[in-house]
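[1] 3D, please:
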Amino acid sequence: MGRISHRVAAIEESATLAISARAAALRAEGRPVIGFGAGEPDFPTPPHIVEAAQRACADPRFHKYTATAGLPELRAAIAERSTESAFEVEPSQVVVTNGGKQAVFEALATLIDPGDEVLVTAPYWVTYPEAVALAGGITVPVATSAASGYLAAIDQLEAATTPRTKLLIFVSPSNPTGAVYPPDNVAAIGSWAAERGLWVLTDEIYARLVYGDATFTSIPVAAPEGRPQTVVVSGVAKSYAMTGWRVGWIIAPNDVAAAAANLQSHLSSNVANVAQAAALAALTGPQDEVEAMREAFDRRRRTAYSMLSKVPDMECPEPLGAFYLFPSVAGVLERGVGGRHPATSLELCALLLDQAEVAVVPGEAFGTPGAFRLSYALGDTDLEEGLSRLVSTLSEV
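    Prediction:
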């Protein structure tokens, strides 16, 4: 009998956090490593949000337990924000969670039984397969490629569907690719899922981070016929530079929301009240700093895309959302780098860390070998220096 349960022992460490930790350790040793690993804004949380939290600290109401599903005023604000997007939501449909990861886990644990299959487009965020497995489900990857802009087609989804398929995880804008599905595609996928009787879990954490001519389209808005079997997860982490505050949420049909809240009542009770007060200020307060951050990300996106496009034998679709690029390096692996011939993107990323002192996350972590993820959510100086090193090293024959 093992010391660790099979269920927990099977969990893979988060590759993105592991890469960031490795980069930090090397910097502590004095090496000038630039980390492109973590998907975390480099900006501080806007001051009015911090001030709201400071006021909440002094309010005795927040020194006690509050409702498991979230502060009523925060649930109402989340519902109102969704309703503004033409998706009618009642506060009773909202469950406030400890970050987006808990929202994903609770939603899947509420919906998935052992043996149920979950369609997940690859490249995928590293947490999705682990959360599916913890819920007893089976992840069925649906591979996309740089050639398609990392967008899945309905015939691919259909081909992967079996009688055991229960749910589709749909993400736009995407982590790790930055891909954004056009509105017509979103509507078509939503209608297909509804016709199939599938649940859809849509992760909208990057909804406010879109660029150029791209537009964010919410799948329950584009395909309203699927709303009875659609669950939205989101949070304040990315758009408001609040990754450390740990506030996310689930929006679901009332029976699913109630069940998820029941699970949370035994898992973690309510989310920290001070963090909830901060999230309320984020959603209801001025949005000018959010737009300023988005514009900065857009500028960095264009810089990163322009510089990486200079690398020979590398294919990098232009990202239109989130703050990631996901170049395919199959051609680079085929020709080698500076006389060395890494066989995989995992080996290539190790070479880049050692030789260029740049940390990126190998595509293996996202279910797509032969690529890597780069986050451009870091300061302009580090971004350009790190990209210069990256381009120089990858261009060596």
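[2] isn't residue 329 right up against residue 368?
    No: with contact defined as C-beta atoms under 8 Å, residue 329 does not reach residue 368; the gap is 10.9 Å. The C-beta positions use only the backbone N, C-alpha and C, and glycine is treated the same way.
[3] which helix in this protein has the most residues?
    Counting by DSSP state H, the longest helix found in the chain is helix 288-308.
[4] buried ones in it?
    Along helix 288-308, these residues count as buried under the neighbour rule (16 or more other C-beta atoms under 10 Å): 289-290, 293-294, 296-298, 300-301, 304-305, 307-308.
[5] what are the pairing partners of the next helix or strand after that helix, and which direction each?
    For helix 288-308, the following helix or strand on the C-terminal side (DSSP states H and E) is strand 324-325. Each strand paired with strand 324-325, and its direction, by DSSP bridges: strand 372-375 (antiparallel).
[6] off-centre distance for the partner strand?
    Put simply, strand 372-375 sits 13 Å off its chain's centre (C-alpha atoms, centre = their mean, to the nearest Å).
[7] quick one: the strands in this protein?
    34-35, 94-97, 117-122, 138-143, 165-171, 199-203, 230-235, 248-251, 324-325, 358-359, 361-362, 372-375 (DSSP state E).
[8] quick one: strands adjacent to the fourth one?
    Neighbouring strands of strand 138-143 in its sheet, by DSSP bridges, are strand 117-122 (parallel).
[9] hmm, who's touching the strand it pairs with?
    Outside strand 117-122, the residues that touch it by C-beta atoms under 8 Å, 6 or more residues apart in numbering are 108, 112, 128-129, 132, 137-144, 150, 152, 157, 160-162, 164-171, 198, 366-368.
[10] quick check, residue 317 in contact with residue 174.
    No: in this structure, residue 317 is not within contact of residue 174 by C-beta under 8 Å, at 10.7 Å.
[11] quick revisit: pull out the buried residues from the contacts of strand 117-122.
    108, 112, 128-129, 132, 137-142, 144, 150, 152, 157, 160-161, 165-171, 198, 366-368.
[12] out of the buried residues of helix 288-308, what pair is the most spread apart?
    289 and 308 (28.2 Å; C-beta to C-beta).
[13] okay, and the common contacts of residue 317 and residue 174?
    Shared contacts of residue 317 and residue 174 (C-beta under 8 Å, 6+ apart): residue 150.
[14] closest one to residue 383 among the strands of the chain?
    strand 34-35 (8.3 Å).
[15] what is that closest one packed up against?
    helix 15-28, strand 358-359, helix 380-395 (3 or more C-beta pairs under 8 Å, 6 or more residues apart in numbering; DSSP states H and E).
[16] any idea which of these gets closest to residue 65?
    Comparing the helices and strands packed on strand 34-35 by C-beta to C-beta, helix 15-28 comes nearest, at 30.0 Å.
[17] buried ones in that closest one?
    15-16, 19-23, 26.
[18] quick one: it to chain centroid distance?
    19 Å.
[19] ditto for stretch 161-177
    Worked out by C-alpha atoms, centre = their mean, stretch 161-177 lies 13 Å from the chain centre.
[20] repeat for stretch 147-157
    For stretch 147-157, the distance to the chain centre is 19 Å (C-alpha atoms, centre = their mean).
[21] hang on, the earlier thing: higher neighbour count, residue 317 and residue 174?
    In terms of neighbours (other C-beta atoms under 10 Å), residue 174 is the more surrounded of residue 317 and residue 174; the figures are 26 against 20.
[22] that one touches residue 144, doesn't it?
    No: contact criterion C-beta under 8 Å: residue 174 and residue 144 do not qualify, at 9.4 Å.
[23] which neighbours do the two have in common?
    123, 150.
[24] quick check: phi and psi at residue 360.
    phi -130, psi 170 (degrees, to the nearest 10).
[25] what's the separation between it and residue 175?
    14 Å (C-beta to C-beta, to the nearest Å).
[26] residue 57 now?
    On the measure of C-beta to C-beta, residue 57 and residue 175 end up 32 Å apart.
[27] equivalent analysis for residue 67, please.
    Residue 67 is 30 Å from residue 175, by C-beta to C-beta.
[28] quick one: which of the two has more around it?
    residue 175 (27 against 14).
[29] tell me who's in contact with the more buried one.
    Here residue 175 is in contact with 39, 125, 205-206, 322, 324 (C-beta under 8 Å, 6+ apart).
[30] and residue 53, by the same measure?
    274-275, 277-278, 281.
[31] could you dump those residues into JSON lines with neighbour count added?
    Output for these, formatted as JSON lines (neighbours: other C-beta atoms under 10 Å):
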{"residue": "274", "neighbour count": "19"}
{"residue": "275", "neighbour count": "22"}
{"residue": "277", "neighbour count": "24"}
{"residue": "278", "neighbour count": "27"}
{"residue": "281", "neighbour count": "24"}
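[32] need those residues in CSV (columns: distance to residue 384).
    CSV is the format used below for these (distance: C-beta to C-beta, whole Å):
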residue, distance to residue 384
274, 37
275, 34
277, 38
278, 32
281, 33
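[33] so which elements touch the helix or strand of the chain with the lowest mean pLDDT?
    One helix or strand of the chain scores below all others by mean pLDDT, DSSP states H and E: helix 15-28, with a mean of 78. For helix 15-28, the elements it packs on are strand 34-35, strand 358-359, strand 361-362, judged by 3+ C-beta pairs under 8 Å, 6+ apart.
[34] again, 10 Å this time
    Other elements packing on helix 15-28 under the criterion 3 or more C-beta pairs under 10 Å, 6 or more residues apart in numbering; DSSP states H and E are strand 34-35, helix 345-351, strand 358-359, strand 361-362, strand 372-375.
[35] I'd like the ones you listed as TSV, with distance to residue 52 and mean neighbour count appended.
    As requested, the helices and strands packed on helix 15-28 are exported to TSV (distance: least, C-beta to C-beta, whole Å; neighbours: other C-beta atoms under 10 Å):
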stretch	distance to residue 52	mean neighbour count
strand 34-35	30	24
helix 345-351	40	20
strand 358-359	34	24
strand 361-362	34	27
strand 372-375	28	27
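[36] so which of those comes closest to residue 2?
    Per C-beta to C-beta, nearest to residue 2 of these: helix 345-351, 27.4 Å.
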